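K.L.:
from the sequence below, what's the structure:
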Amino acid sequence: MPLRMAFGEQSTSCDALGSPFMGQLCRLLGQRLKPGSALTDRLFSWGGELGPRGDSVPLRLCGALHALRLKGDAGLASAYPPHASSDDDLWAAIQTALTNHSSFIDAFINSPPQTNEVRRASALIAAAHVIAAKMPNPIRVSELGASAGLNLNWDAFALKINDTTFGADDPVLTLTPNWSGALPPRANPRVVSRRGVDLNPVDPVTDRLRLLAYLWPDQPDRLALTDAALSLPHAPVDRGDAIDWLAPRLAHVAVQTHMIYTTIAWQYFPADKQAEGIAMIETAGARATPDTPLAFVQMENDGGTNGAALTLRLWPGDIHMTLGRVDFHGRWVDWAG
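P.N.:
As a prediction, this is how the structure comes out:
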């Protein structure tokens, strides 16, 4: 996919996800960005899939610009929300930033987006209730592509659907997605251990800037939820390849359900690692017993036109469940579980 097309696709996606500013920003970058500098030449010659189902190059660049804004860049501050800027004024600020901060931007875009969107935990809470209703053992959690690990603490959040609340009794935050479909089953998922992995973990303290940079500038409610999640003790996230890290964790632990999950991370794994990971999980699943169940939850982009697919595989029995579809940022859940 050419770079301009990737920005156009991302612009449409941002508009649909309720961020008119990000829609404007991506549209401008797609229309006006030109090769000619070391930075822009790198962007235009980027190999592989540039769009949201691949390397998400547009979001990398937008994240770098937002990081500069958060660091106090005066030009971007005057053009970014809460200000409403014309295309020409916004583009002037972008051009200046691309010129004056090219080294910072070049380093920032080396890593894929890591949004730590805590609203995605709505899907995890609902899926955990399905798992616990079928296999009521305590749960050991493994998150692949955990970034800063905020969603490893999903059991400290609450999910409110109309007048019904699922999750923690005294939650640090409450998620209220637009929900369609039946309610998840009533259950009592209990997490007894949690750990995640990421190629480039975001330290919630020292890497706070990167963590906040991928929250879109015109959506302050996301920032408030992230601040609430950051108030919890930080869950451990190891640095490493997700599939290599997972291999030793697939040994079953007596009287525990092992819940493995990804949320908009699997697409960033190389195809050979995806295949290796599925084979490993299936092999471990074949050894699962009612005393040592295994669950694999994925909220991932499947190329559909309406959010991400939410799926569950549960062993023993290798039960395949389509739980529904979820907005990429967790604004809504279309439940089919």
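
K.L.:
now do the buried residues in the strand or helix carrying Arg27.
P.N.:
Secondary structure from DSSP states H and E places Arg27 in helix 20-32. Buried residues in helix 20-32, counted by 16 or more other Cβ atoms under 10 Å: Phe21, Met22, Gly23, Gln24, Leu25, Cys26, Arg27, Leu28, Leu29, Gly30. The way it works is simple: take the backbone N, C-alpha and C, and place the C-beta from them, glycine included.

K.L.:
right, and the pair among those with maximum separation?
P.N.:
Across the buried residues of helix 20-32, no pair lies farther apart than Phe21 and Gly30, at 14.9 Å, counting by Cβ to Cβ.

K.L.:
over to Lys71: give its phi and psi.
P.N.:
Main-chain dihedrals, Lys71, degrees, to the nearest 10: phi -80, psi -10.

K.L.:
got the contact list for the top helix by length along the chain?
P.N.:
Ranked by residue count under DSSP state H, the longest helix found in the chain is helix 271-286. With contacts defined as Cβ atoms under 8 Å, 6 or more residues apart in numbering, helix 271-286 is touched by 144, 241-243, 246-247, 250, 252, 258, 260, 266, 269, 294, 296, 313, 315-316, 318.

K.L.:
in helices, which of those residues appear?
P.N.:
Per DSSP H, the contacts of helix 271-286 map to helices at Ala242, Ile243, Leu246, Ala247.

K.L.:
number of residues surrounding the last one?
P.N.:
By the criterion of other Cβ atoms under 10 Å, Ala247 has 13 neighbours.

K.L.:
picking that back up, and the ones in helices among the contacts of helix 271-286, which is closest to Ser111?
P.N.:
Using Cβ to Cβ, these come closest to Ser111 at Ala242, 14.5 Å.

K.L.:
and the closest one, how many neighbours?
P.N.:
25.

K.L.:
what do you get for Asp238?
P.N.:
13.

K.L.:
let me see the contact set for it.
P.N.:
Applying Cβ under 8 Å, 6+ apart, the residues contacting Asp238 are Arg195, Gly196, Val197, Asp198, Pro201, Trp245.

K.L.:
surely it forms part of a strand?
P.N.:
Yes. Per DSSP: H, G, I helix; E, B strand; the rest coil, Asp238 lies within a strand segment.

K.L.:
identify the bridge partners of it.
P.N.:
Val197 (DSSP bridges).

K.L.:
how far does the one helix or strand Thr311 maps to sit from the chain's center?
P.N.:
Per DSSP H and E: Thr311 is located in strand 308-315. Centroid displacement of strand 308-315 relative to its chain, using Cα atoms, centre = their mean, to the nearest Å, is 16 Å.

K.L.:
so it versus helix 271-286, what angle?
P.N.:
40 degrees (axes from the mean of the first three to the mean of the last three Cα atoms, to 10 degrees).

K.L.:
buried residues in the helix or strand following strand 308-315?
P.N.:
Remark: after strand 308-315, the chain's next helix or strand is strand 319-326, criterion DSSP H and E. Neighbour-count burial for strand 319-326 flags Met321, Leu323, Gly324, Arg325, Val326 (criterion: 16+ other Cβ under 10 Å).

K.L.:
and for stretch 111-120?
P.N.:
Result for stretch 111-120 [16+ other Cβ under 10 Å]: buried residues Pro112, Pro113, Gln114, Thr115, Asn116, Glu117, Val118, Arg119, Arg120.

K.L.:
what's the answer for stretch 280-292, then?
P.N.:
Ile281, Ala284, Gly285, Ala288, Thr292.

K.L.:
now do the same for the first one: its pLDDT.
P.N.:
Spelled out, it's Ile281. In this model, Ile281 is scored at 98, pLDDT.

K.L.:
what ranges do the helices span in the chain?
P.N.:
Going by DSSP H, the chain shows helices at 3-16, 20-32, 38-44, 57-70, 74-79, 87-100, 102-108, 121-134, 208-213, 220-230, 242-249, 271-286.

K.L.:
export those helices to JSON lines and tack on distance to Arg186?
P.N.:
Below are these laid out as JSON lines (distance: least, Cβ to Cβ, whole Å):
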{"stretch": "helix 3-16", "distance to Arg186": "33"}
{"stretch": "helix 20-32", "distance to Arg186": "38"}
{"stretch": "helix 38-44", "distance to Arg186": "49"}
{"stretch": "helix 57-70", "distance to Arg186": "37"}
{"stretch": "helix 74-79", "distance to Arg186": "48"}
{"stretch": "helix 87-100", "distance to Arg186": "49"}
{"stretch": "helix 102-108", "distance to Arg186": "44"}
{"stretch": "helix 121-134", "distance to Arg186": "7"}
{"stretch": "helix 208-213", "distance to Arg186": "34"}
{"stretch": "helix 220-230", "distance to Arg186": "25"}
{"stretch": "helix 242-249", "distance to Arg186": "29"}
{"stretch": "helix 271-286", "distance to Arg186": "26"}
